[in-house]
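# Structure of the sequence below:
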Amino acid sequence: MITLVGVFIHQTCSQVECVRRIFERHPETALNLRPKNQLVKNAYMNTLLELINITCLAPQELTEEELRDAENTLLDLVGVGFELDWLKKKLEELFVKKKKMETRGDRMRELDRMIVEQRQRLLALEVELKNEENEAVSDSARLGFEDVV
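Numbering: from 1, shown residues only. Down below sits the predicted model:
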């Protein structure tokens, strides 16, 4: 494991720690990596770290296009030999959350519209009730002498 991390020694210290954690949790990640050039490997690792950072974002912080770009980047990394099933799963979960958020947002807007309509109906009923109450008071009032004569 440490030897794999050593391959990417040109990364910054925080990046090295991130890379170390990736290889600790997912030792298969770079076992089949085809590029042999150190600069190319570093570039791919930077791309992987950027992709992980994107995957850490909240669904509302990403556009559909950014998610598609992330998926394409993942496919590119897999194409050069990275084993990233674990990251693919997280990215798919992010897609699902984004879709649920959009669907939920649509549903919330629909519910809000329905509430506004119901409030308008309720207000109309309250006005109608007040008119009925006023007429009932008027109808139940005693007539005065002058009203009769």
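# so for the host helix or strand of residue 111, what's the average pLDDT?
Per DSSP states H and E, residue 111 falls inside helix 85-140. Per-residue pLDDT over helix 85-140 has a mean of 94.
# can you check stretch 21-35 too?
89.
# Counting by contacts, list what the helix holding residue 111 packs against.
If contacts are counted by 3 or more CB pairs under 8 Å, 6 or more residues apart in numbering; DSSP states H and E, helix 85-140 sits against helix 38-56, helix 64-79. Yep, even glycine has a C-beta here, placed from its N, CA and C like the rest.
# Let me have those in TSV, extended by mean neighbour count.
Formatted as TSV, those follow (neighbours: other CB atoms under 10 Å):
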stretch	mean neighbour count
helix 38-56	16
helix 64-79	14
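# mean pLDDT for those: which is lowest?
helix 38-56 (a mean of 92).
# Check which helices and strands that helix sits against.
Partner elements for helix 38-56 (3+ CB pairs under 8 Å, 6+ apart): helix 13-25, helix 64-79, helix 85-140.
# List the buried residues of the shortest one.
For helix 13-25, the neighbour count (16 or more other CB atoms under 10 Å) marks 16, 18, 19, 20, 22, 23 as buried.
# Identify the residues contacting the residue nearest the centre of the chain.
For the chain, residue 59 is the residue whose C-alpha lies nearest the centre (CA atoms, centre = their mean; 2.3 Å). By CB atoms under 8 Å, 6 or more residues apart in numbering, the contact list for residue 59 reads 94, 97, 98, 101.
# hmm, try it at 10 Å
Shown in contact with residue 59 (CB atoms under 10 Å, 6 or more residues apart in numbering): 67, 93, 94, 95, 96, 97, 98, 99, 100, 101, 102.
# re the thing from before, how much does the helix holding residue 111 deviate in direction from helix 13-25?
For helix 85-140 against helix 13-25, the angle by axes from the mean of the first three to the mean of the last three CA atoms, to 10 degrees is 100 degrees.
# Residues touching the helix or strand that helix 85-140 is followed by, excluding its own?
Downstream of helix 85-140, the first helix or strand assigned by DSSP H and E is helix 145-148. Helix 145-148 is contacted from outside by residue 141, using CB under 10 Å, 6+ apart.
# Alpha carbons of helix 145-148, as PDB, please.
Output of helix 145-148 as PDB, limited to C-alpha atoms (Å, rounded to 0.1, in the frame of the first residue of the first chain):
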ATOM      1  CA  PHE A 145     -92.800  50.500  15.700                       C
ATOM      2  CA  GLU A 146     -91.700  52.700  12.800                       C
ATOM      3  CA  ASP A 147     -90.600  49.700  10.800                       C
ATOM      4  CA  VAL A 148     -94.100  48.200  11.100                       C
END
